[in-house]
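1. sequence and predicted structure, then a few things I'm wondering about:
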Amino acid sequence: MNQTYNRSDSKVEIRGFEARHYDVLMNFITGGTYSVFIRRVVRDMAIQPGDAILDLGSGSGRNTCLMVRYLSGGGRIVGLDIGPEMLKQAQRRCAPLPNVSIEKQRIEEPLRYRDEFDKVFMCFVLHGFVHEDRLRIVENAYRALRPGGRFLILDYSEFEPEKSFWPVRFAFRHMECPLATDFVRHDWRAILREGGFDDFRERRYYLGYVRLLGARKPDEAAERA
Ligand SMILES: C[S@@+](CC[C@H](N)C(=O)[O-])C[C@H]1O[C@@H](n2cnc3c(N)ncnc32)[C@H](O)[C@@H]1O
């Protein structure tokens, strides 16, 4: 039977203790492997020195500090988040970085950006929204990207939670945001294709349960030339 989910089922707006200690908790949950994993993901993003990157649900700023190492003075990162504790940590961490700004913004609401980013990144955020809000976020990412820019989603890949490896099954039953169970049952390439994206590429991690899915906003002018 297909279960229906409401916004109140979401756990992605992390607050309080969990928000203040998010980075440590991620290291703990992944048996100390998270730091190495996220460095590998950032390397796999193929960031170019002049890239403008929009990070939707930027969290504590840990990823921002890793991404900014690949940028020259011409590149920049804009991180958007809604959680007060997350914003505070990220703003403190990124204060010395002139090409980074962290802003308070709900990412499923209309964003002011049009055709200006080379990459839109989301790291373990998209699964935590009801599906109609996920589609709004996909639209926001499309609008914010320059033609030829790439949407990079680091999140769970597609699988059936009840048939997964037992630690994953346990996490999905008892720890993870309930909406993640719905997220992994969707065909994300089909959804992104419907949203206008093409040229899909992916890299898998953690026995294939996690992936970095990349999709391009087509550059019609370049293709005509
Ligand atoms: C699971 S954490 C991931 C944080 C960060 N991307 C990382 O990987 O370290 C989810 C993040 O999304 C943010 N978030 C949740 N709902 C949001 C919303 N509607 N708009 C903006 N940010 C949101 C939370 O505050 C939190 O920082």
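-> Thanks, I have it.

2. element containing the residue nearest to Lys163 when sequence neighbours are not counted?
-> Once flanking residues are discounted, Lys163 sits nearest to Arg169: 8.0 Å by Cβ to Cβ, 6 or more residues apart in numbering. All C-beta spots, glycine's among them, are computed from the backbone N, C-alpha and C. If you go by DSSP states H and E, Arg169 is part of helix 166-174.

3. what about the strands in the chain?
-> Secondary structure of the chain (DSSP state E): strands at 52-56, 76-81, 100-104, 117-123, 145-156, 198-205, 210-216.

4. what's the closest of those to the ligand?
-> strand 117-123 (3.5 Å; Cβ to the nearest ligand atom).

5. hey, which helix is longest across the chain?
-> Identified as the longest helix of the chain according to DSSP state H is helix 131-144.

6. tally of neighbours for the residue nearest to Asn99 when sequence neighbours are not counted?
-> Closest residue to Asn99 apart from its sequence neighbours, by Cβ to Cβ, 6+ apart: Arg76 at 4.3 Å. Using other Cβ atoms under 10 Å, Arg76 has 20 other residues around it.

7. so what touches stretch 155-164?
-> Stretch 155-164 is contacted from outside by 122-127, 168-169, 172-173, 180-181, 183-188, 202, 204, 208-211, 213, using Cβ atoms under 8 Å, 6 or more residues apart in numbering.

8. also stretch 26-37?
-> Outside of stretch 26-37, the residues within contact range by Cβ under 8 Å, 6+ apart are 23, 175, 205-206.

9. which pair in the residues you listed spans the largest distance?
-> Pairwise distances across the contacts of stretch 26-37 (Cβ to Cβ) peak at 18.5 Å, for the pair Met175 and Tyr205.

10. neighbour-wise, which of these two wins?
-> Higher neighbour count among Met175 and Tyr205: Tyr205, with 17 against 10, using other Cβ under 10 Å.

11. hey, what's the more buried one bridged with?
-> On the basis of DSSP bridges, Tyr205 is bridged to Val210.

12. what's near enough to touch it?
-> Neighbouring residues of Tyr205 by Cβ under 8 Å, 6+ apart: 37, 40-41, 211-212.

13. now Ala215
-> Counting by Cβ under 8 Å, 6+ apart, the residues that Ala215 touches are 150-151, 153, 189, 192, 197-200.

14. enumerate the residues of this structure near the ligand.
-> Contact residues, the chain versus the ligand (Cβ under 6 Å from any ligand atom): 12-14, 57-60, 62-63, 80-83, 86, 106-108, 123-125.

15. mind giving me the ChimeraX select for the residues you listed, buried ones only?
-> Per 16 or more other Cβ atoms under 10 Å, the buried members of these correspond to this ChimeraX selection:
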select :12,14,57,58,59,60,62,63,80,81,82,83,86,107,108,123,124,125
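
16. hang on, the earlier thing: put the buried members of the contacts of stretch 155-164 into a ChimeraX selection.
-> Provided next is the ChimeraX selection string for whichever of those are buried by 16+ other Cβ under 10 Å:
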select :122,123,124,125,126,127,168,172,180,181,183,184,188,209,210,211,213
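
17. circling back: was I right about the residue nearest to Asn99 contacting Val100?
-> Yes: taking Cβ atoms under 8 Å as the definition, Arg76 is a contact partner of Val100 at 7.1 Å.
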